[in-house]
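Novice: Mind folding the following:
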Amino acid sequence: MTLPHEHMIPYHSTSRRRRSLGFGAIEYMAAAVDFAIVLISSTLGFMLYEHVVFGAYNDPSPYVGIGLVASTMFVLAMSGVHAYSAQQILQLRRQVMLVVLLITTVLCFLLTVIFFLKLGDTISRGAIITIAFISTVGLLGTRYLWYAHAARSIAHGMFRRRRVLLICPKSYQVDQLRGHAGLSGMEITHVLPVCEEDSIGGLTGDVLRRNGIGNVDEVLVVWKRATVADMESNLSALRRFPLAVNVIFDSFVGGIVSGESQKIGGVHAFQTQRPPLAAWERGLKRCFDVVFSFSALILLLPVLILIAIAIKMESKGPVLFVQSRKGYGGDAFRILKFRSMRVMEDGAGIRQATRNDPRITRIGAFLRAASLDELPQFWNVLRGEMSIVGPRPHAIAHDDLYDALISEYAMRQHVKPGVTGWAQVSGCRGETPTVEKMRERVLHDLWYINNWSIWLDLWVILKTVIVVPDLTKAY
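Specialist: Residues are numbered from 1 along each chain as shown. Predicted coordinates for the structure are as follows:
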């Protein structure tokens, strides 16, 4: 499944612990480097702009001050979204989006202040733009260096990690956890596989001592199918040792506690299902949809006319195919497509298109492969029935079928269906001959809903232009 992922740190024993930097040094180093880049870019950008435009070098001190303000604001903003942790610094795509967004925001804020304080004669807007360019290039360059070298440095012990005793069922995949633990500043040095049938039984102090609890800094306990009584017994035994103890829920419970939490009175509640987008998010997404779809219909009008003529010339029947689909909240609407088949199925029994399907016309095969048959759906977007990006709507007959087979299926309708979607640009496009194929598509759709942002929509649109028009992968 093509979802955003982290680096994994290969396991290497850290033997030179005293000569290693603390793992927390990664955050301080990354923040200090960013601060220096923005500050230096302010002075360098000013001097470069003055030399190119005016052929002279003036006093750069105002821009040093701007650099101090901009670098402080940028570093604080990045720290506020925890972008300097080892896990985050290695997520290149997210780092790029954050750098571009935050450096632009910071410098736009400074330009606004300059405008209202009437400092335009003292501080050049052209110099600010030059500073923005140099800062962005420098910050993105360091992101690539972190991405390319930080994982290797962590794996080879440059940063000191906490030694961990892992207590887990015998069937647990320890090697996979080792890599992810490395990004959290941990090194699994001892493993205690316990009990049969993936159930963690009672532990004793003697058993823990024999398995290295005296030589670690922390304990991880994997709770897979253990009973509450077993877990209480284990935690009671671990209380004898002055160590941090963390529990990993590797089961249905894990899916619950991984959600966002809030405190209600004296207890914590975990969010297992994200509500539909907030009002301001829906408004932003709707504004984007209207502007994009209206522009697309105007710009693509000649193409739409040519496609309509080609369809009429090849076969009898209407140019547009209209079919019932379920939209936001399960409400039905009539979706528009260019007709690509000789049939107009819209009932309880609809057969998915297959490779070399005799129902598909010659022009229809090309339109489907290039996804040009979906272009009329920009009108559905303007009507408010669809969005540019969202889960692709299926025929109602297929909705009813898969809703009974896949428990999460109905959650796709928590947002408006899309002309394109995260699943389609991630390889889940075309026929779904098995339930597992559809389940994979659903998981991609749910990931999109839970991680929506306007930047993600722009990224999906860009990938649609690059990935989807592949005539060999759809039919």
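
Novice: hey, which helix or strand in the protein has the poorest pLDDT?
Specialist: Within the chain, no helix or strand scores below strand 21-22, which has a mean of 60 by mean pLDDT, DSSP states H and E.

Novice: Run through the neighbouring helices and strands of the next helix or strand after it.
Specialist: Next along the chain after strand 21-22, taking DSSP states H and E as the criterion, comes helix 25-54. The contact analysis (3 or more Cβ pairs under 8 Å, 6 or more residues apart in numbering; DSSP states H and E) places helix 25-54 against helix 61-80, helix 86-89, helix 125-155. C-betas here are computed from N, CA, C, even on glycine.

Novice: So for the helix or strand containing Ala296, what gets flagged as buried?
Specialist: If you go by DSSP H and E, Ala296 is part of helix 279-299. Neighbour counts over helix 279-299 (16 or more other Cβ atoms under 10 Å) mark Lys285, Phe288, Asp289, Phe292, Ser293, Ala296, Leu297 as buried.

Novice: Show me what it is packed against.
Specialist: Against helix 279-299 (3+ Cβ pairs under 8 Å, 6+ apart) you get helix 377-382, strand 387-389, helix 454-467.

Novice: one more time with 6 Å, if that's ok
Specialist: On a contact count with 3 or more Cβ pairs under 6 Å, 6 or more residues apart in numbering; DSSP states H and E, helix 279-299 meets helix 377-382, strand 387-389.

Novice: wait, which of these is closest to Val64?
Specialist: For Val64, the closest of these is strand 387-389, at 42.7 Å, according to Cβ to Cβ.

Novice: Pro318 - that's part of a helix, no?
Specialist: No: assessed by DSSP: H, G, I helix; E, B strand; the rest coil, Pro318 does not belong to a helix; its assignment is coil.

Novice: shouldn't Gly330 be in contact with Arg412?
Specialist: No: contact criterion Cβ atoms under 6 Å: Gly330 and Arg412 do not qualify, at 10.0 Å.

Novice: Of those two, which one has the most company?
Specialist: Neighbours per residue (other Cβ atoms under 10 Å) separate Gly330 from Arg412, with Arg412 holding more: 27 against 11.

Novice: What are the boundaries of the helices in the stretch 101-250 of the chain?
Specialist: 125-155, 174-182, 205-210, 228-238 (DSSP state H, counting those that start in this stretch).

Novice: Adding distance to Val38 and mean pLDDT, write those out as CSV.
Specialist: Putting those into CSV (distance: least, Cβ to Cβ, whole Å; pLDDT from 0 to 100) gives the following:
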stretch, distance to Val38, mean pLDDT
helix 125-155, 5, 81
helix 174-182, 29, 73
helix 205-210, 49, 82
helix 228-238, 46, 78
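
Novice: Against Asp399, how distant is Ile406?
Specialist: Using Cβ to Cβ, to the nearest Å, we find Ile406 at a distance of 11 Å from Asp399.

Novice: Tell me which of the helices and strands packed on helix 25-54 sits nearest to Ala229.
Specialist: helix 86-89 (34.0 Å).

Novice: Of all the residues in the very next helix or strand once past the helix holding Ala296, which ones are buried?
Specialist: Later in the chain than helix 279-299, the nearest helix or strand by DSSP H and E is helix 301-314. Applying a neighbour-count criterion of 16+ other Cβ under 10 Å, the buried positions in helix 301-314 are Leu304, Ile307, Ala308, Ala310, Ile311.

Novice: what's the model's confidence in helix 301-314, averaged?
Specialist: For helix 301-314, mean pLDDT is 90.

Novice: list the helices and strands that helix packs on?
Specialist: Using 3+ Cβ pairs under 6 Å, 6+ apart, the elements in contact with helix 301-314 are helix 362-369.

Novice: hmm, back to that, would you mind finding the most buried of the helices and strands packed on helix 279-299?
Specialist: Comparing those by mean neighbour count (mean count of other Cβ atoms under 10 Å), strand 387-389 comes out on top with a mean of 27.

Novice: Just checking: what are the partner strands of it?
Specialist: Sheet pairing here is set by DSSP bridges, and for strand 387-389 it gives strand 418-420 (parallel).

Novice: ok, residues contacting the following helix or strand past the partner strand?
Specialist: Using DSSP H and E, the helix or strand that follows strand 418-420 in sequence is helix 422-425. Applying Cβ atoms under 6 Å, 6 or more residues apart in numbering, the set of residues contacting helix 422-425 from outside is Arg441, His444, Asp445, Tyr448, Val460, Lys463, Thr464, Val467.

Novice: count of residues packed around the residue nearest to His444 when sequence neighbours are not counted?
Specialist: Of all residues not flanking His444 in the chain, Ala423 sits nearest, at 3.7 Å (Cβ to Cβ, 6 or more residues apart in numbering). A count of nearby residues for Ala423, using other Cβ under 10 Å, gives 25.

Novice: any idea how far Ala423 is from Ile256?
Specialist: Between Ala423 and Ile256 the computed distance is 24 Å (Cβ to Cβ).

Novice: Leu458 too?
Specialist: Leu458 sits 32 Å away from Ile256, going by Cβ to Cβ.

Novice: Surely Gln377 and Thr420 touch.
Specialist: No: using Cβ under 6 Å, Gln377 makes no contact with Thr420, being 9.5 Å away.

Novice: residues shared between the contacts of Ile406 and Asp399?
Specialist: Overlap of the contact sets of Ile406 and Asp399 (by Cβ under 6 Å, 6+ apart) is empty.

Novice: Could you pull up the contacting residues of Ser293?
Specialist: Ser293 touches Phe378, Val381, Leu382, counting by Cβ under 6 Å, 6+ apart.

Novice: could the residues you listed go into CSV alongside distance to Val113?
Specialist: Formatted as CSV, the contacts of Ser293 follow (distance: Cβ to Cβ, whole Å):
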residue, distance to Val113
Phe378, 40
Val381, 38
Leu382, 39
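
Novice: okay if I get the residues you listed as CSV plus pLDDT?
Specialist: Below are the contacts of Ser293 laid out as CSV (pLDDT from 0 to 100):
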residue, pLDDT
Phe378, 95
Val381, 96
Leu382, 95
